[in-house]
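A.B. asks: Fold the stuff below for me.
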Amino acid sequence: MIIVITGNGKGKTTSSIGQIVRALGHNQKVCLVQLFKGENFYGEQKILNKLEGLDFFSFAKKHPFCFKEITKEQVIKECSDALQKLNKIAENNKYDLIVLEEFNIALRDGYIQEDSLINIIKELNKNTNVMITGRGASDKLVELADLVSEVKEIKHPYNKGIPAQEGIEY
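C.D. replies: Numbering: from 1, shown residues only. Reported below is the predicted structural model:
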C-alpha cells in the first residue's frame, strides 16, 4: 500500500511514528527516511534511534524556510542523496514498511522531482508498504496512493503566540 498523510494540521509525523511502532510490534522490518528534521533534536528521533528492527536515515536536516543560511542548491543535493538512498533500499527489498517523512514538502518545494520518487516507489516489492508525510501532497501522489489522510488544523496555540513546546511539537 501507498499511504499519504498530508494537511496543515499537527499530527502527520505522530501518525507515521505510530505506524512505525505498530509495524515493529508485529516484528516487521521498518525503514524511516526523514527530511528537514535536524538530528537528535526531536523527541521521536531520540527514541527511534534506539529501536531494534528500524533503520533510520536523516537527510536535508534544515529547510531554507526556517534556516536562511542554507541554500536551495544545498537542499536539492541533500534530497538527491535521500533519493539515492531510497533507490538502494528499493533494490534490497527487505522492508515491510518504508516511511518517507516530509517528502511531500520536498516535492512541493521542488527539491525532489515527483516522477523520480514515484518511479522508485513503483520499484519496491509489492509487499512493502510506503507512508509519505508532509504538507502539500501533490494531486499525482494522492491519485497514486491507496490510503490518504488529511490532518486539518482547527486551532493551534502558535497562532496565539505560544511557542512550540518540547514533547508536543518536537
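
A.B. asks: Residue 33 against residue 78, yeah?
C.D. replies: No. The criterion here is C-beta atoms under 8 Å, and residue 33 misses it with residue 78 at 11.7 Å. Glycine gets a C-beta too; all of them are placed from N, C-alpha and C.

A.B. asks: Could you tell me which residues touch both of the two?
C.D. replies: residue 59 (C-beta atoms under 8 Å, 6 or more residues apart in numbering).

A.B. asks: Quick test: name the residue nearest the centre of this structure.
C.D. replies: For the chain, residue 101 is the residue whose C-alpha lies nearest the centre (C-alpha atoms, centre = their mean; 0.6 Å).

A.B. asks: Local confidence estimate at that one?
C.D. replies: Residue 101 is assigned a pLDDT of 96 by the prediction.

A.B. asks: Could I get the full set of helices for this structure?
C.D. replies: When assigned using DSSP state H, the helices of the chain occupy the ranges 12-25, 43-48, 72-92, 103-108, 114-123, 139-144.

A.B. asks: Distance from the chain centre to the last one, please.
C.D. replies: To tie it back to what came earlier, the one meant is helix 139-144. On the basis of C-alpha atoms, centre = their mean, to the nearest Å, helix 139-144 is displaced by 16 Å from the centre of the chain it belongs to.
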